[in-house]
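Trainee: Got a sequence here, can you model it:
(one chain, ligands or ions: 3)
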Amino acid sequence: MPTTLSNTVALIGAPTDVGAGARGASMGPEALRVAGLAEALQAQGVRVLDRGNLHGPANPWQPAQDGYRHLDEVLAWNRAVHEAVHAELQQGHLPVLLGGDHCLAMGSISAVARHCRATGQTLRVLWLDAHADFNTSELTPSGNLHGMPVAVLCGFGPQALTHLGGTSPALHPSQVRQIGIRSVDPGEKRFVHAQRLEVYDMRYIDEMGMRHAMEQALAGLDANTHLHVSFDVDFLDPDIAPGVGTTVPGGPTYREAQLCMEMIADTGRLGSLDIVELNPALDERNRTARLAVDLVESLFGKSTLMREHQVRRRH
Ligand SMILES: NC(=[NH2+])NCCC[C@H](N)C(=O)O
Ligand SMILES: [Mn+2]
Ligand SMILES: [Mn+2]
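Mentor: Ligands and ions are numbered 1, 2, ... in the order given. Reported below is the predicted structural model:
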């Protein structure tokens, strides 16, 4: 039983931190390569094409203007990401975006949405994160665009960004499931509620367990579903994953994160992935990058026993 929609993965590096509040996520792609991402995927029987890194403007490190920091630079990087991700999907490959900060999900997910519209597939997005990333220029406390990608993808934001993949919004809020959330700004909280985002926050995971949360988040997938996973490394508890710019205590443990990845693999519907917000400048001897690689192996089907055996056991 295949674990993913394509057996060929294309690694696309986007070395920038233009959307973040701390410098250093620009070093994420290289840290993931050094931690053995390609080799780990190959060990799962995947063909890996490393496309190298995209190019874009430097981080000007300026204060926010009209509620956004670095809007022009964020737009330039996301245009590059959009085209690169879309080109891989058209070739039947599974794009893995190596961030970079989480603003880059605007480019990658808009490309996936455009591809799904053209092929008639249903898109479901799993947003693994400590944050909802659902701010707008009116709601944001920071102006950092990595706190806004979900809102932009749902059509709330500057037109240049909301129209990256065409004139209609990339996503309807009902296509998104957020997991691991534990930090939402006050105005953002009201907006999450108003748009009825489906959020499995840490309290839900504490009370119901990761297994139940994932069963809910993955409910309704079928043979026509393209599953996109947007993995913000700050999803993980900072005790095990210190190498991120915006740590929030109280995240999923190693075991909970593994189960989350394994249950996604079991669906067999993974079609694209972002690995974002890894910040090597804040890491300890690349341990967070190695943990991310370890989890991505599970996402691509690594398991202790034969997967068929485990799937049967769960039912
Ligand atoms: N992708 C992230 N790490 N996002 C953090 C966002 C933090 C905060 N909510 C903000 O908007 O500034
Ligand atoms: Mn986050
Ligand atoms: Mn995020």
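Trainee: Against ligand 3, how distant is E284?
Mentor: With distances taken as Cβ to the ion, to the nearest Å, E284 is found 21 Å from ligand 3. For every residue, glycine as well, the C-beta is placed using N, CA and C.
Trainee: what kind of secondary structure is the nearest residue to that residue once chain neighbours are set aside in?
Mentor: Closest residue to E284 apart from its sequence neighbours, by Cβ to Cβ, 6 or more residues apart in numbering: P242 at 6.0 Å. The local conformation at P242, judged by DSSP: H, G, I helix; E, B strand; the rest coil, is coil.
Trainee: List the contacts of P242.
Mentor: With contacts defined as Cβ atoms under 8 Å, 6 or more residues apart in numbering, P242 is in contact with L282, D283, E284, R287, T288.
Trainee: Show me which residues of the stretch 1-150 of the chain sit near ligand 3.
Mentor: H102, D129, H131, D133 (Cβ under 5 Å from the ion).
Trainee: go with 8 Å
Mentor: Listed as neighbours of ligand 3 in the stretch 1-150 of the chain under the rule Cβ under 8 Å from the ion: H102, A105, W127, D129, A130, H131, D133, H146, G147, P149.
Trainee: In TSV: these, plus pLDDT.
Mentor: Shown next, in TSV, are these (pLDDT from 0 to 100):
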residue	pLDDT
H102	99
A105	99
W127	99
D129	99
A130	99
H131	99
D133	99
H146	99
G147	99
P149	99
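Trainee: and those, which of them are in helices?
Mentor: A105, P149 (DSSP state H).
Trainee: Make CSV from the residues of the stretch 1-150 of the chain next to ligand 3 and add neighbour count and distance to D201 to it.
Mentor: Putting those into CSV (neighbours: other Cβ atoms under 10 Å; distance: Cβ to Cβ, whole Å) gives the following:
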residue, neighbour count, distance to D201
H102, 31, 18
A105, 32, 19
W127, 32, 12
D129, 28, 11
A130, 28, 10
H131, 25, 11
D133, 27, 14
H146, 30, 19
G147, 28, 17
P149, 33, 18
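Trainee: wait, which of the residues of the stretch 1-150 of the chain next to ligand 3 is closest to ligand 1?
Mentor: G147 (2.2 Å; Cβ to the nearest ligand atom).
Trainee: before we move on, back to that, top of the contacts of P242 by neighbour count?
Mentor: Among the contacts of P242, the one with the most neighbours (other Cβ atoms under 10 Å) is T288, at 28 neighbours.
Trainee: so it makes contact with L278?
Mentor: Yes. In this structure, T288 is within contact of L278 by Cβ atoms under 8 Å, at 6.1 Å.
Trainee: Can you pull the residues that touch both of these two?
Mentor: Listed contacts common to T288 and L278 are V233, G243, V244; contacts here mean Cβ under 8 Å, 6+ apart.
Trainee: Now for the first one: which residues touch it?
Mentor: Right, V233. Contacts of V233 by Cβ under 8 Å, 6+ apart are A241, G243, V244, I275, V276, E277, L278, T288, A292.
Trainee: who's in contact with A31?
Mentor: G243, L278, P280, D283, N286, A289.
Trainee: on that earlier part again, ligand 3 next: which of the contacts of V233 are close?
Mentor: Applying Cβ under 8 Å from the ion to the contacts of V233, those adjacent to ligand 3 are V276, E277.
Trainee: Show me which of the contacts of V233 is closest to R196.
Mentor: Taking Cβ to Cβ as the measure, R196 lies nearest V276 of the contacts of V233, at 24.7 Å.
Trainee: sec struct for the residue nearest to the spatial centre of the chain, please.
Mentor: For the chain, the residue sitting closest to the mean C-alpha position, by Cα atoms, centre = their mean, is S230 at 1.6 Å. Classification of S230 by three-state DSSP places it in strand.
Trainee: Look up which residues are beta-bridged to it.
Mentor: Taking DSSP bridges, one finds W127, D274 as the beta-bridge partners of S230.
Trainee: what sits against it?
Mentor: 102, 105, 108-109, 125-129, 149, 273-274, 276.
Trainee: Those also near ligand 1: which ones?
Mentor: With Cβ under 6 Å from any ligand atom as the criterion, these include H102 near ligand 1.
Trainee: now the contacts of S230 in CSV, with distance to F191?
Mentor: Listed next are the contacts of S230 as CSV, based on distance: Cβ to Cβ, whole Å:
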residue, distance to F191
H102, 17
A105, 18
S108, 22
I109, 18
V125, 17
L126, 20
W127, 15
L128, 20
D129, 16
P149, 14
L273, 26
D274, 22
V276, 21
